[in-house]
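**Q** Sequence and computational prediction follow.
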Amino acid sequence: MSWLDVPALLTAAVWLVLVLAHGRFWTTAVRLPQRPPPARWPSVAIVVPARDEAALLPQTLPPLLAQEYPGPLRVVLADDGSTDGTGELARALGAGARVPLTVVDVPDRPVGWAGKVWAQEQALARTADAEWVLLTDADIAHPPDAVAALVSAAVADDRDLVSLMVRLRTETVWERLVVPAFVYFFAQLYPFRWVAAGRVAAAAGGCVLVRRAVLEAAGGVAAVRGAVIDDVALAGAVHRAGGRLWLGLATQVRSVRPYPRLADLWSMVARSAYTQLRHSPALLAGTVAGLLLVYVAPVACCLAGLATGAPVAAVAGGLAWSLMTASYLPQVRHHRQPAALALTLPLVAVLYLLMTLDSARRSRAGRGATWKGRAAVG
């Protein structure tokens, strides 16, 4: 037996388990179901935390203020210490809009609160009468029927939290290379079908509709006050409170935030990667080893097996490589990219590995998660 056979057989076994028994994480068929309208349209408040978002608000706020929702609806934007006129612009955009807008000036956050969560808390204080809350971000553009579709699905299926992984931008070379893998890895960590079945808890922060009563039973956003990865943390709190979750891919809800350079995407991932690992060196080491085994070993074993005449390693590595590529292909197509991009997944996995290591380095150097020039958690 060649020394290459053991890692090759191991990575092939891992990929067989992932593809056949890991919640069909690779499928992109989990979309918001179309449901009939409820007998009564509940009241909804849309909460938008915003910090220095004047460049994006003209694309994202007007669609929220023009939502075609038959029930009571309002938007509350929390201006979190912006210096670019975000609050003033929001008020101007809201003048005469179909949906009423309230702009809240966020006070200085207390120690231990994440900036985004503190802003959400200030907005939620103005929405006590709303039966449902839609938590979204200032860079997210919604179609006119977004709120109605989310509410219809939540009410019909008796869900307490419905979340959409919004369509991220894939216009630049780096966005096309890195973004589909970001969604793919997220779905691998939190298979969407398992979220619906109650086996794991997760949400995607750009679009989260949550039942107010269940949110309060979970302790509100204060329950996750210090969370950098606030969407997953909030989903966990709602799940522990007995809430029923659903998470899927969006088709029309999209982010307009550009990430033109690799450095921009690098910062996005490195900001929270080590937090995802709970700042644990052991988990970091395990993650590095896992990424190498799952994404690098198939290619290395296949090519080395072919080069050294080790047929078992070549075949097992080739099988793992084929399964990996095939599992990534649906996500590549979902992002409307050429099928050949699926072959880049090992390279992108190495990039994510380096981003994760850099996240740990920043944390240990005292430069943890930041957002727009400010520490993510006060």
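**A** Right, received. Where do you want to start? Here the structure is a predicted model, which is why all the values come from computation and not from measurement.

**Q** Poorly predicted segments of the stretch 251-378 of the chain, please.
**A** 368-378 (pLDDT under 70).

**Q** buried sites along stretch 36-55?
**A** Neighbour-count burial for stretch 36-55 flags 41-54 (criterion: 16 or more other C-beta atoms under 10 Å). For every residue, glycine as well, the C-beta is placed using N, CA and C.

**Q** Alpha carbons only: can I get it in PDB?
**A** Output of stretch 36-55 as PDB, limited to C-alpha atoms (Å, rounded to 0.1, in the frame of the first residue of the first chain):
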ATOM      1  CA  PRO A  36     -51.400  31.800   0.200                       C
ATOM      2  CA  PRO A  37     -51.900  35.100   2.000                       C
ATOM      3  CA  PRO A  38     -52.900  34.800   5.700                       C
ATOM      4  CA  ALA A  39     -56.500  35.400   6.800                       C
ATOM      5  CA  ARG A  40     -55.200  38.500   8.600                       C
ATOM      6  CA  TRP A  41     -52.100  40.400   7.800                       C
ATOM      7  CA  PRO A  42     -50.100  41.000  11.000                       C
ATOM      8  CA  SER A  43     -48.300  44.200  11.800                       C
ATOM      9  CA  VAL A  44     -44.700  44.300  10.800                       C
ATOM     10  CA  ALA A  45     -41.800  46.600  11.700                       C
ATOM     11  CA  ILE A  46     -38.700  46.700   9.600                       C
ATOM     12  CA  VAL A  47     -35.500  47.400  11.600                       C
ATOM     13  CA  VAL A  48     -32.500  48.800   9.700                       C
ATOM     14  CA  PRO A  49     -29.200  49.500  11.600                       C
ATOM     15  CA  ALA A  50     -27.100  51.900   9.600                       C
ATOM     16  CA  ARG A  51     -23.600  53.400  10.100                       C
ATOM     17  CA  ASP A  52     -22.200  55.600   7.300                       C
ATOM     18  CA  GLU A  53     -24.400  54.100   4.700                       C
ATOM     19  CA  ALA A  54     -25.300  57.200   2.700                       C
ATOM     20  CA  ALA A  55     -23.800  55.800  -0.500                       C
END
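
**Q** CSV for the buried residues of stretch 36-55, including secondary structure?
**A** Output for the buried residues of stretch 36-55, formatted as CSV (DSSP: H, G, I helix; E, B strand; the rest coil):
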residue, secondary structure
41, coil
42, coil
43, coil
44, strand
45, strand
46, strand
47, strand
48, strand
49, strand
50, strand
51, coil
52, coil
53, coil
54, coil
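
**Q** and which of the residues you listed is nearest to residue 316?
**A** Residue 316 lies nearest to residue 49 out of the buried residues of stretch 36-55, by C-beta to C-beta, at 48.3 Å.

**Q** What sits closest to that closest one if chain neighbours are left out?
**A** Counting by C-beta to C-beta, 6 or more residues apart in numbering, residue 49 lies nearest to residue 119, which is 3.6 Å off, once chain neighbours are set aside.

**Q** Check the secondary structure at residue 10 for me.
**A** Each residue gets one of three states, and residue 10 gets helix by three-state DSSP.

**Q** right, and it touches residue 293 too?
**A** Yes. Because the distance of 6.9 Å satisfies C-beta atoms under 8 Å, residue 10 is recorded as touching residue 293.

**Q** quick one: the strands in the stretch 151-300 of the chain?
**A** Applying DSSP state E, counting those that start in this stretch to the stretch 151-300 of the chain gives strands spanning 161-167, 207-211, 245-255.

**Q** Quick one: closest of these to residue 284.
**A** Evaluated over the strands of the stretch 151-300 of the chain, closeness to residue 284 peaks at strand 161-167, with 25.2 Å, by C-beta to C-beta.

**Q** got the buried residues for that closest one?
**A** Going by neighbour count (16+ other C-beta under 10 Å), the buried part of strand 161-167 is 161, 162, 163, 164, 165, 166, 167.

**Q** Can you show me the helices along the stretch 101-250 of the chain?
**A** With DSSP state H, counting those that start in this stretch as the criterion, the stretch 101-250 of the chain has helices at 115-124, 146-156, 173-189, 192-196, 212-217, 230-240.
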